[in-house]
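Asker: Below is the structure, and that's it, no one-letter string:
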């Protein structure tokens with residue numbers, strides 16, 4: 001009875017694991033896959049991931065938005081071509097990663113946030129300057145991102161037909177009755193009561209403006225030296241991706257931050273909100289997510305002995321671990337490191353089971369990710385569907401271990 005029970009247990013494990021043909025695919029692949037069923041010139045054995053559709057085979061050109069993996073490469077996008085996280089049905093420009101429903105609207109003539117309007121709420125007011133003195137008439141305005149020809153960004157001109165009259169003009173002649181600087185006061189009068197007559201100061205309608213007054217950021221020449229807001233402006237930087245960090249190459253000097261601008265220039269990729277100095281750089285993605293100049297420098301360092309072998313022991317026991325009389329597909333994970341790292345796969349001999357530093361060239365990773373058909377493999381994923389599956393945490397450890405050089 002004991003012998004019969006052991007035989008039944010062994011048979012049950014072999015059925016559960018499902019591999020009978022001696023490769024590492026996890027299923028019985030002994031049936032021929034050499035026939036080209038769809039006539040596209042590539043068989044399943046050669047990597048056709050859908051041998052029932054002639055439009056799908058390795059090397060074919062990916063056709064965007066058709067819902068098919070035309071080139072049998074899961075890494076080639078079929079939708080969301082600009083990689084901004086929005087598919088074509090949501091994105092108003094799927095060729096520009098800075099344009100999507102989650103983007104900040106900036107003044108550039110483009111509908112950045114896909115709400116059907118361009119530059120809403122971010123334009124500036126410009127004033128018609130007929131006399132070319134740098135100040136425009138308050139009743140002649142235009143909204144835009146840049147000043148149209150004949151317009152300036154300052155108004156207040158009380159006579160826009162004569163360049164001698166504007167808020168920046170001098171009134172040094174106390175006997176001249178003309179209000180050249182448009183402040184409502186002339187000559188020896190002191191309308192604002194600041195102790196300076198109109199002919200001595202630049203704004204006799206503002207007691208805080210006079211020669212020697214503190215310059216404040218208010219778009220006014222407070223100290224009457226002919227310059228506006230000198231030394232008190234703040235530099236702001238365009239933040240297109242809305243992550244709170246700006247682009248050092250897109251600068252504006254203002255008193256307050258314009259819409260979509262911030263006060264720091266620290267973003268190293270202002271088209272991607274997940275990339276900024278405050279982001280974590282703890283995944284192997286080939287991107288300097290935290291803008292410190294080093295790629296993937298905060299990724300945990302995993303070793304096979306301490307972090308990965310325990311996963312094989314837990315999930316692969318019975319098929320590939322402690323089943324030495326007939327390990328599944330010939331792959332014995334009791335000591336997985338020696339069996340896998342830089343060892344050719346039996347299913348796809350051109351790939352190693354584990355290629356240190358490269359999950360894309362590691363057949364084991366494709367089996368764990370169920371993308372084996374995209375590289376010419378076959379059979380069920382690991383573990384097979386009827387077995388307990390690895391969680392995202394375990395997969396992250398294995399991915400990090402491979403990308404980190406597959407340390408012993």
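Answerer: That came through, no problem. Note that this is a predicted model, so its numbers are computed, not measured.
Asker: Neighbours of the closest residue to residue 193 other than its chain neighbours, how many?
Answerer: Closest residue in space to residue 193, ignoring its immediate chain neighbours: residue 207 at 6.0 Å, by C-beta to C-beta, 6 or more residues apart in numbering. No exception for glycine: its C-beta is placed from N, CA and C like everyone else's. By other C-beta atoms under 10 Å, 16 other residues sit near residue 207.
Asker: From residue 378, how far off is the nearest residue to residue 36 once chain neighbours are set aside?
Answerer: Closest residue in space to residue 36, ignoring its immediate chain neighbours: residue 43 at 4.9 Å, by C-beta to C-beta, 6+ apart. Taking C-beta to C-beta, to the nearest Å as the measure, residue 43 falls 11 Å from residue 378.
Asker: Specify the local secondary structure of the residue nearest to residue 193.
Answerer: Of the three states, residue 207 takes coil according to DSSP: H, G, I helix; E, B strand; the rest coil.
Asker: That one touches residue 196, doesn't it?
Answerer: No. In this structure, residue 207 is not within contact of residue 196 by C-beta atoms under 8 Å, at 9.2 Å.
Asker: for the stretch 1-150 of the chain, what are the low-confidence residue spans?
Answerer: 1-34 (pLDDT under 70).
Asker: Repeat the analysis, applying 80 as the threshold.
Answerer: 1-34, 45-46, 74-75 (pLDDT under 80).
Asker: which of the residues in stretch 211-220 are buried?
Answerer: Going by neighbour count (16 or more other C-beta atoms under 10 Å), the buried part of stretch 211-220 is 213, 215, 220.
Asker: OK, contacts around the most centrally placed residue in the chain?
Answerer: Nearest to the mean C-alpha position of the chain, by C-alpha atoms, centre = their mean, lies residue 272 at 2.4 Å. Taking C-beta atoms under 8 Å, 6 or more residues apart in numbering as the criterion, residue 272 is in contact with 97, 241.
Asker: Helix or strand: which one has it?
Answerer: Element membership of residue 272 [criterion: DSSP states H and E] is none; it lies in no helix or strand.
Asker: quick one: it and residue 251, what's the gap?
Answerer: Taking C-beta to C-beta, one finds residue 272 at 20 Å from residue 251.
Asker: before we move on, what about residue 124?
Answerer: Counting by C-beta to C-beta, the gap from residue 124 to residue 251 is 15 Å.
Asker: For this protein, which segments count as strands?
Answerer: Assigned by DSSP state E, the chain shows strands spanning 124-128, 141-144, 151-152, 234-238, 251-254, 261-262.
Asker: What residues of the fourth one count as buried?
Answerer: Just to be clear, that refers to strand 234-238. The neighbour-count check on strand 234-238 (16+ other C-beta under 10 Å) flags 236, 237, 238 as buried.
Asker: Same check on stretch 388-408?
Answerer: Neighbour-count burial for stretch 388-408 flags 390, 394, 396-404, 406-407 (criterion: 16+ other C-beta under 10 Å).
Asker: from those, which two are the most distant?
Answerer: 390 and 407 (19.6 Å; C-beta to C-beta).
Asker: correct me, but residue 192 touches residue 213?
Answerer: No. Judged on C-beta under 8 Å, residue 192 makes no contact with residue 213 at a distance of 11.5 Å.
Asker: any idea of the mean pLDDT for stretch 180-193?
Answerer: What stretch 180-193 shows for mean pLDDT is 88.
Asker: who touches that stretch?
Answerer: Stretch 180-193 has contacts (C-beta under 8 Å, 6+ apart) with 156-159, 164-171, 173-179, 196-199, 202-207, 209.
Asker: Among the residues you listed, name the buried ones.
Answerer: Buried members of the contacts of stretch 180-193, scored by 16+ other C-beta under 10 Å, are 156-159, 165-169, 171, 179, 196-199, 202-204, 206-207, 209.
Asker: all helices for this structure, in order.
Answerer: Assigned by DSSP state H, the chain shows helices spanning 2-17, 309-315, 336-340, 363-369, 392-403.
Asker: quick one: buried residues of the third one?
Answerer: What that stands for is helix 336-340. For helix 336-340, burial by neighbour count (16+ other C-beta under 10 Å) applies to 336, 337, 339, 340.
Asker: Turn those residues into CSV, columns for pLDDT.
Answerer: Converted to CSV, the buried residues of helix 336-340 look like this (pLDDT from 0 to 100):
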residue, pLDDT
336, 74
337, 85
339, 81
340, 85
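Asker: any idea which of these is the one closest to residue 63?
Answerer: Among the buried residues of helix 336-340, residue 340 lies closest to residue 63 (C-beta to C-beta), at 35.9 Å.
Asker: quick one: contacts for the nearest residue to residue 332 once chain neighbours are set aside?
Answerer: In this structure, residue 332 finds its nearest non-sequential neighbour in residue 339, 5.7 Å apart by C-beta to C-beta, 6+ apart. By C-beta under 8 Å, 6+ apart, the contact list for residue 339 reads 331, 332, 333, 353.
Asker: In contact with the residue nearest to residue 193: list those residues for me.
Answerer: When contacts are counted by C-beta under 8 Å, 6+ apart, residue 207 touches 192, 193, 194.
Asker: With residue 76 instead?
Answerer: With contact taken as C-beta under 8 Å, 6+ apart, residue 76 is in contact with 62, 69, 70.
Asker: how close does it sit to residue 242?
Answerer: For residue 76, the distance to residue 242 (C-beta to C-beta) stands at 28 Å.
Asker: Equivalent analysis for residue 386, please.
Answerer: Counting by C-beta to C-beta, the gap from residue 386 to residue 242 is 45 Å.
Asker: got it, and residue 40?
Answerer: Distance of residue 40 to residue 242, given as C-beta to C-beta: 45 Å.
Asker: Looking at those two, which has the bigger crowd around it?
Answerer: Neighbour tally, residue 40 and residue 242, criterion other C-beta under 10 Å: the higher count belongs to residue 40, 17 against 14.
Asker: residue contacts, the more buried one?
Answerer: Residue 40 sits next to 48, 54, 55, 56, 57, 60 when contact means C-beta under 8 Å, 6+ apart.
Asker: next one: residue 203
Answerer: Contacts of residue 203 (C-beta under 8 Å, 6+ apart): 167, 181, 183, 192, 209, 210, 220, 221, 224.
Asker: and if you look at residue 294?
Answerer: For residue 294, the contacting residues are 281, 288, by C-beta under 8 Å, 6+ apart.
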